[in-house]
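Participant: next one to model:
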Amino acid sequence: MEILGATLRVCVDDLDAAIPFYERLAGGRALRFARGGVEVAAVGCFLLMSGPEEELDVLRRVAATIAVADVDEAHAVLTELGADVVAGPVPTPVGRNLIARHPDGAVYEYVDRRRP
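Facilitator: All right, here's what the predicted structure looks like:
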């Protein structure tokens, strides 16, 4: 499984107020979108999320988003290593993802950019 990078997930109270700090820190512009009831801004290696507390509580359970070349391959490797795939693979607006709980209890999202 080829890991291409990781994105840190940051829940913020005020997305508009947080974006300028992270744009300056990461040296890039935010890409904004909404998913469910959550407003999201991707800035460099940061994924800023803001929305209803009940939605954020679920998102906080995922430690990070890991970009991989192929989610199907990640699924196979994770399963072989004893991880519990709790959701997916499913299509997303930019590719596919899955959520896995590692044997140590940590939960990660794995994503690829391959269209389903």
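Participant: shaky segments in this protein?
Facilitator: Using pLDDT under 70 as the threshold, the predicted model of the chain has low-confidence ranges 115-116.
Participant: show me the helices in it, by range?
Facilitator: Under the criterion DSSP state H, helices of the chain are mapped to 15-26, 53-59, 71-80.
Participant: kindly state the beta-bridge partners for the residue nearest to the spatial centre of the chain.
Facilitator: The C-alpha lying nearest the average C-alpha coordinate of the chain belongs to residue 65 (CA atoms, centre = their mean; 3.5 Å). Following DSSP bridges, residue 65 is listed with bridge partners residue 7, residue 109.
Participant: what's the separation between it and residue 52?
Facilitator: Here the distance between residue 65 and residue 52 works out to 20 Å (CB to CB, to the nearest Å). Every C-beta, even on glycine, is put in place using the N, C-alpha and C of the backbone.
Participant: test my guess that residue 27 contacts residue 44.
Facilitator: Yes: look at residue 27 against residue 44 with CB atoms under 8 Å: they come within range, at 6.9 Å.
Participant: neighbours of residue 31, just the number please.
Facilitator: Other residues within reach of residue 31, judged by other CB atoms under 10 Å, total 10.
Participant: make that residue 98, sorry
Facilitator: 22.
Participant: just checking, it touches residue 76?
Facilitator: No: the pair residue 98 / residue 76 is not scored as a contact, 11.0 Å apart, by CB under 8 Å.
Participant: residues contacting the residue nearest to residue 68 when sequence neighbours are not counted?
Facilitator: Leaving aside its chain neighbours, residue 68 sits nearest to residue 74 (4.6 Å; criterion: CB to CB, 6 or more residues apart in numbering). Residue 74 is in contact with 1, 68, 98, 100, 110, 112, counting by CB atoms under 8 Å, 6 or more residues apart in numbering.
Participant: max pairwise distance over these: which two?
Facilitator: Put simply, by CB to CB the two of these set farthest apart are 100 and 112, 13.6 Å from each other.
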